[in-house]
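Q: sequence and computational prediction follow.
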Amino acid sequence: MTTHTITAQWDEIPENADDRALVEGRAFRTFRCSCRTPLPNRAAAELHASETGQCTVCLGSADEEIVPGFVRRCAACAATGRRNVQLVWEVAHGEAEQVITLDLVRGLVDGFPGPFRLSEVADATRLTLGLPLGRLPVGPRVRDLLREMEAAGELVMLSAPDEMLRGPSVVLYRDPQWQRVSPASP
């Protein structure tokens, strides 16, 4: 059995670079597999990972490098590096989108008298739906809906970023806090 270890490297952009599609900031990624299959770009690396039963997000490593120097455990495959687990999580995300609706989250948020954290709304959602821990990706789905409500002007985020990964354009919030926006008085 051939071992497939796909590695990604951040390289500086050469002065004569013609393919700007690979560029992310001032660095770009190159990919290699231990089986010596040519992987000229991210799409080729993802295809090879899929063909060899590896997660197409972390490329089988179980770690995802978001930006150079910031690595986190891969959420797409539950940090296993395997494609079958990734597919199960994709189905779970689809189910979460069907079960955890904007109306449900809006109703739960209305029950908080003041500021609330993402984890509090996620716990309330899990309790309301009777979901055991790990059954569905509740936190990510609730986060997406809270951000949607924020974009619509229903909520305002009170938290500052916990980490700035690449200046103000790429930031990390661990457990952000929001508050409902009071309706404007006539």
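A: Thanks, I have it.
Q: and the nearest residue to residue 180 once chain neighbours are set aside, how many neighbours does it have?
A: Leaving out its chain neighbours, the residue that sits closest to residue 180 by C-beta to C-beta, 6 or more residues apart in numbering is residue 155, at 6.0 Å. Where you see a C-beta, it was placed from the backbone N, CA and C, and this is true even at glycine. If you count neighbours by other C-beta atoms under 10 Å, residue 155 ends up with 19.
Q: one more: residue 64?
A: 19.
Q: hmm, residue 140 is touching residue 92, no?
A: No. Taking C-beta atoms under 8 Å as the contact criterion, residue 140 and residue 92 are not neighbours in contact, 10.1 Å apart.
Q: pull up the gap between the residue nearest to residue 180 and residue 147, please.
A: 9 Å (C-beta to C-beta, to the nearest Å).
Q: so where do the helices sit in the protein?
A: Listed in chain order, the helices of the chain (DSSP state H) span residues 42-51, 83-99, 102-110, 118-129, 138-151.
Q: could I get those as JSON lines with mean pLDDT, distance to residue 8 and mean neighbour count?
A: Conversion of the helices of the chain to JSON lines gives the following (pLDDT from 0 to 100; distance: least, C-beta to C-beta, whole Å; neighbours: other C-beta atoms under 10 Å):
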{"stretch": "helix 42-51", "mean pLDDT": "91", "distance to residue 8": "7", "mean neighbour count": "17"}
{"stretch": "helix 83-99", "mean pLDDT": "92", "distance to residue 8": "17", "mean neighbour count": "15"}
{"stretch": "helix 102-110", "mean pLDDT": "96", "distance to residue 8": "35", "mean neighbour count": "16"}
{"stretch": "helix 118-129", "mean pLDDT": "96", "distance to residue 8": "29", "mean neighbour count": "18"}
{"stretch": "helix 138-151", "mean pLDDT": "95", "distance to residue 8": "23", "mean neighbour count": "18"}
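Q: and the gap between the residue nearest the centre of the chain and residue 85?
A: Residue closest to the mean C-alpha point of the chain, counted by C-alpha atoms, centre = their mean, is residue 75 at 6.8 Å. When distances are taken as C-beta to C-beta, residue 75 and residue 85 turn out to be 11 Å apart.
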